[in-house]
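[1] what's the 3D shape of this:
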Amino acid sequence: MDSKQLRVLKKLVAHLEGINPDNVDPATGEPYTVDLRGRVYRGRSILTVDAAEDCLSILEFPRQELFSEVGEHGIVRNESWLLMLQGWPEDDPENPSDPAYALKAMVEKRLSRILVEKKNGRGPVFPDEFMLGEHNGQPELTALTISPGVVRPPEDAASRLAMFYVPLTLGLRVDVSDPY
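    A predicted model of the protein is given here:
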């Protein structure tokens, strides 16, 4: 049985793998030109050159909150879980950052589906994706913050590809007596 954090990570990976030609890119109305199926990794900080094009890696920030107080129910804790989404697009030797901006925009748009609610306030636009779904009748997330990302050019020492980073803060409600 997966812990809540691992279950949430797996759901986030599956959600981001929705960027593929079987789905429509809302920016163009056409199928996505990028295929992230099997290309979104959990906890991979090092990728081979061949594996890095058109892929994402979700990493946990090394320094989380020092403590999240246990809530009023005695064993329930409300956490802010800090993740870093790192992405590498296909290579463009002439304008290397252009594909990074394009892939970052696709990723941010896809992530927004987790949060978007109907304008009349009567529920989510994408119920199955809202707050990454439910587990035992409770939403997986209590909140999601998609912080401004940054695009970096290729650097000989680090990568031949441009890349981007998007910080995410996931709100979790965790029963410390049952972290599953």
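
[2] any idea how far apart the tips of stretch 86-98 sit?
    Terminal residues of stretch 86-98 lie 16 Å apart, using CA to CA, to the nearest Å.

[3] list the contacts of Arg44.
    Ser57 (CB atoms under 8 Å, 6 or more residues apart in numbering). Bear in mind the C-beta positions are built from the backbone N, C-alpha and C, glycine included.

[4] if we go to 10 Å?
    Neighbour list for Arg44: 51-52, 55-59, 86 [criterion: CB atoms under 10 Å, 6 or more residues apart in numbering].

[5] separation between it and Arg63?
    20 Å (CB to CB, to the nearest Å).

[6] drop anything exposed from the contacts of Arg44.
    By neighbour count, with 16 or more other CB atoms under 10 Å, the contacts of Arg44 hold 52, 55-59, 86 as buried.

[7] among these, which are located in strands?
    Residues of the buried ones among the contacts of Arg44 located in strands (DSSP state E): 55-59, 86.

[8] ok, those vs Gly149, which is closest?
    The closest of those to Gly149 turns out to be Gln86 (CB to CB; 9.8 Å).

[9] can I get the CA coordinates of the worst-scoring helix or strand of the chain on mean pLDDT in PDB?
    Within the chain, no helix or strand scores below helix 49-52, which has a mean of 76 by mean pLDDT, DSSP states H and E. C-alpha atoms of helix 49-52 as PDB (Å, rounded to 0.1, in the frame of the first residue of the first chain):
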ATOM      1  CA  VAL A  49      20.900  13.000 -22.700                       C
ATOM      2  CA  ASP A  50      18.600  10.700 -24.700                       C
ATOM      3  CA  ALA A  51      16.100  10.400 -21.800                       C
ATOM      4  CA  ALA A  52      16.000  14.100 -21.100                       C
END
